[in-house]
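S.K.: Output the structure for:
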Amino acid sequence: MSEIRNYKGKCLCGEVSFKAETPHKDVGLCHCTMCRRWNSGPFHVVEIPFDALSFENGEESISYYRSTDYARRAFCNNCGSSLFYHGDQIPEISNKVYLSAGLLDEPTGLKLAGHIFCASKGDYYEIEGDLPQHENVG
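M.R.: Numbering: from 1, shown residues only. As a prediction, the model looks like this:
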């Protein structure tokens, strides 16, 4: 069984703050075109169960952008921070969110585990190192 971790975090302006108690998962780095456009670069994510995420304040300040017919992206409508990706119309992952690792209060105890959607990475950088690289989803 995975170790349970308690995370806290907030957006750039602090309007949206949250906590999550969840089994440990390390950080994935998504290189898909949509994540790069949404996040202005590869998107560092931590997968957590949707029901493990609770908002301490600012839930009313969260806006959603439906980026596809099957997923939405959450952001703070005050400062614009990218909060999480939610494949709410994808049965296999509708019970999970992919939280922006950059929002978490440190120390997180996390490490980068690998890369996904490498086939669509930007042409302005290289993926270096020995971590797993998946052409599409890992």
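
S.K.: ok, and the closest non-adjacent residue to G102?
M.R.: Once flanking residues are discounted, G102 sits nearest to H44: 6.0 Å by C-beta to C-beta, 6 or more residues apart in numbering. Where you see a C-beta, it was placed from the backbone N, CA and C, and this is true even at glycine.

S.K.: how would you label W38: helix, strand or coil?
M.R.: What DSSP: H, G, I helix; E, B strand; the rest coil gives for W38 is helix.

S.K.: Give me the pLDDT for it.
M.R.: W38 is assigned a predicted lDDT (pLDDT) of 94.

S.K.: ditto for N136
M.R.: 87.

S.K.: What about the residue nearest to G102, how many residues nearby?
M.R.: 20 (other C-beta atoms under 10 Å).

S.K.: my guess is N39 contacts S82, does it?
M.R.: Yes - N39 is within contact range of S82, at 5.1 Å (criterion: C-beta atoms under 8 Å).

S.K.: Which neighbours do those two have in common?
M.R.: S100 (C-beta atoms under 8 Å, 6 or more residues apart in numbering).

S.K.: who's more crowded, these two?
M.R.: Legend: neighbour count by other C-beta under 10 Å for N39 and S82, higher for S82 (22 against 18).

S.K.: what is the more buried one paired to in the beta sheet?
M.R.: F75 (DSSP bridges).

S.K.: roughly how far apart are it and F75?
M.R.: For S82, the distance to F75 equals 6 Å [C-beta to C-beta, to the nearest Å].

S.K.: And L53, by the same measure?
M.R.: For L53 relative to F75 (C-beta to C-beta), the value is 15 Å.

S.K.: Could you list the low-pLDDT ranges of this protein?
M.R.: Low-confidence regions of the chain, defined by pLDDT under 70, span residues 1, 138.

S.K.: Helices of that one, start to end?
M.R.: 33-39 (DSSP state H).

S.K.: how about the strands of it, start to end?
M.R.: 4-10, 17-23, 27-30, 43-49, 53-57, 62-65, 72-76, 82-86, 96-100, 112-116 (DSSP state E).

S.K.: The third one - which strands sit beside it in the sheet, and in what orientation?
M.R.: Using DSSP bridges, the strands paired with strand 27-30 are strand 43-49 (antiparallel), strand 112-116 (parallel).
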